[in-house]
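[1] build the 3D model from these lines:
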Amino acid sequence: MDPITWTDETRQLTALSPWARNPRKIENAQAKRLQESFKEFGQPEQIVIGPDNELYNGHQRLKSWLSKFGDIEIDVRVSSRPLTEKEREKLTIYLHKGAVGEFDFDILSAEFEFDDLLEWGFKPFEIGMGDETDINAEWEGMPEYEMENLGSAYNLKMHFATKEDLMDFGKLIDQALTEKTRSVWYPKAEVLPGGADKRWAENDEP
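    Residues are numbered from 1 along each chain as shown. I've put the predicted structure just below:
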């Protein structure tokens with residue numbers, strides 16, 4: 001099969017053909033941010049299409065921009081040949097999951113304004129403010145049932161200047177910590193059979 005090359009062109013939004021199997025979706029608040037971003041910054045990233053205007057990447061931008069701005073002309077990146085269905089699946093995952101970086105949340109929390117991050121799309125629990133998560137909103141529409149609260153009552157983000165400081169803290173709370181440790185329970189907690197619940201291991205009756 002021929003290798004793929006790409007060229008820069010322009011298209012009207014209504015000329016593009018969305019993919020019926022597109023696995024991505026968007027919430028109203030996210031669509032509004034896409035519209036605000038386009039109004040403020042224009043189009044810094046091209047929409048990706050095939051030679052017959054089949055849409056490979058940019059479904060959410062297409063939908064939100066059409067509803068707000070109408071049939072505008074946008075920048076696109078066009079493949080030299082149509083992608084197979086498997087290539088299309090792989091490209092979608094690579095662009096959004098398989099080959100992209102992740103946020104460094106330590107830098108976000110230290111260098112960015114918390115209120116700005118919330119306004120720009122983060123949820124409180126994503127940047128270390130779990131107690132501010134709106135649980136009721138997350139469970140809206142789900143079946144009701146009563147369940148014992150087995151989660152943590154408080155969350156605390158800690159920073160260590162050196163690896164030795166991290167190890168010293170592990171000794172202090174009697175837990176084995178490594179450079180890859182991202183969270184701990186104190187007192188020690190263990191998962192009960194089935195993996196659904198936790199109990200405070202140090203509070204067991206002798």
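[2] so how far is Phe105 from Glu111?
    To Phe105, Glu111 is 11 Å away according to C-beta to C-beta, to the nearest Å. (Each C-beta comes from the backbone N, C-alpha and C, glycine too.)
[3] give me the buried positions along the helix or strand harbouring Asp168.
    Secondary structure assigned from DSSP states H and E places Asp168 in helix 163-172. By 16 or more other C-beta atoms under 10 Å, the buried positions in helix 163-172 come out as Leu166.
[4] ok, back up a step: so between Glu111 and Phe105, which is more surrounded?
    Each of Glu111 and Phe105 has its neighbours counted (other C-beta atoms under 10 Å); Phe105 has more, 15 against 8.
[5] since we're on the residue nearest to the more buried one when sequence neighbours are not counted, how many residues are nearby?
    The shortest distance from Phe105 to any non-neighbouring residue, by C-beta to C-beta, 6 or more residues apart in numbering, is to Ile127 (6.1 Å). Other residues lying near Ile127 total 18 when counted by other C-beta under 10 Å.
[6] which residues does Ile127 contact?
    With C-beta atoms under 8 Å, 6 or more residues apart in numbering as the criterion, the residues that contact Ile127 are Phe105, Leu108, Ser109, Phe114, Leu117.
[7] the strands in this structure, which residues?
    Along the chain, the stretches classed as strands by DSSP state E are 6-12, 47-49, 55-57, 73-79, 189-191, 198-200.
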